[in-house]
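Enquirer: Here's my sequence, what's the structure:
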Amino acid sequence: MRTSARNQFAGEVVEVKRGVVNDEVTLRTQDGFEIVAIITHGSAASLGLAAGKPAFALIKASSVIVMVDVAKNQVSARNCVAGTVSAVTKGAVNSEVTITAGGAQIAAIITNESVERLGLANGKPATAIFKASSVIIGVDQ
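Expert: Numbers count the residues shown, from 1 in each chain. Predicted coordinates:
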């Protein structure tokens, strides 16, 4: 699989909560953390999503919010991954911030102003946050 999404996580579906319009899918990645996605019921059905099925999650870096000094219970987003900044690549306006948590890396695109305001630098603790509705789930054919 090749996509333009900076964040690509292979894993296995551990739970599907069925709804009339949307389903909530929980994927456990190969790195051991869980990603929650909200997708349409029709999409979940057409992909054959069920517990134990191999799948992957895609999250665009521009959909990831970076916070410091925050606990998972302080935000409404379902996906909060606490880790350490492992890279900051500055551009003219935006920066790519990479957060490493265990063996996983999550990239976020945020403004240079936010990098400075949050004091983001290699080795600093930070949390990557993204909404379940920002996650795309896929399966191999």
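Enquirer: Low-confidence stretches in the chain?
Expert: Across the chain, not a single residue meets the criterion (pLDDT under 70).
Enquirer: so where do the strands sit in it?
Expert: 7-17, 22-29, 34-40, 54-59, 65-67, 79-90, 94-101, 104-111, 125-130, 136-138 (DSSP state E).
Enquirer: Could you look over these and pick the most buried one?
Expert: Of all the strands of the chain, strand 125-130 has the most neighbours on average by mean count of other C-beta atoms under 10 Å, namely a mean of 22. In this view, the C-beta of every residue, glycine as well, is placed from N, C-alpha and C.
Enquirer: these two touch, right, Gln8 and Ala55?
Expert: No: applying C-beta atoms under 8 Å, one finds Gln8 not in contact with Ala55, separated by 11.6 Å.
Enquirer: sorry, back to before: may I see the strands of the chain arranged in JSON lines, with distance to Asn73 as well?
Expert: Shown next, in JSON lines, are the strands of the chain (distance: least, C-beta to C-beta, whole Å):
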{"stretch": "strand 7-17", "distance to Asn73": "20"}
{"stretch": "strand 22-29", "distance to Asn73": "18"}
{"stretch": "strand 34-40", "distance to Asn73": "15"}
{"stretch": "strand 54-59", "distance to Asn73": "21"}
{"stretch": "strand 65-67", "distance to Asn73": "13"}
{"stretch": "strand 79-90", "distance to Asn73": "9"}
{"stretch": "strand 94-101", "distance to Asn73": "17"}
{"stretch": "strand 104-111", "distance to Asn73": "20"}
{"stretch": "strand 125-130", "distance to Asn73": "12"}
{"stretch": "strand 136-138", "distance to Asn73": "25"}
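Enquirer: if I pick the residue lying closest to Gln105 once chain neighbours are set aside, what's in contact with it?
Expert: In this structure, Gln105 finds its nearest non-sequential neighbour in Thr98, 5.4 Å apart by C-beta to C-beta, 6 or more residues apart in numbering. Thr98 sits next to 85-88, 105-108 when contact means C-beta atoms under 8 Å, 6 or more residues apart in numbering.
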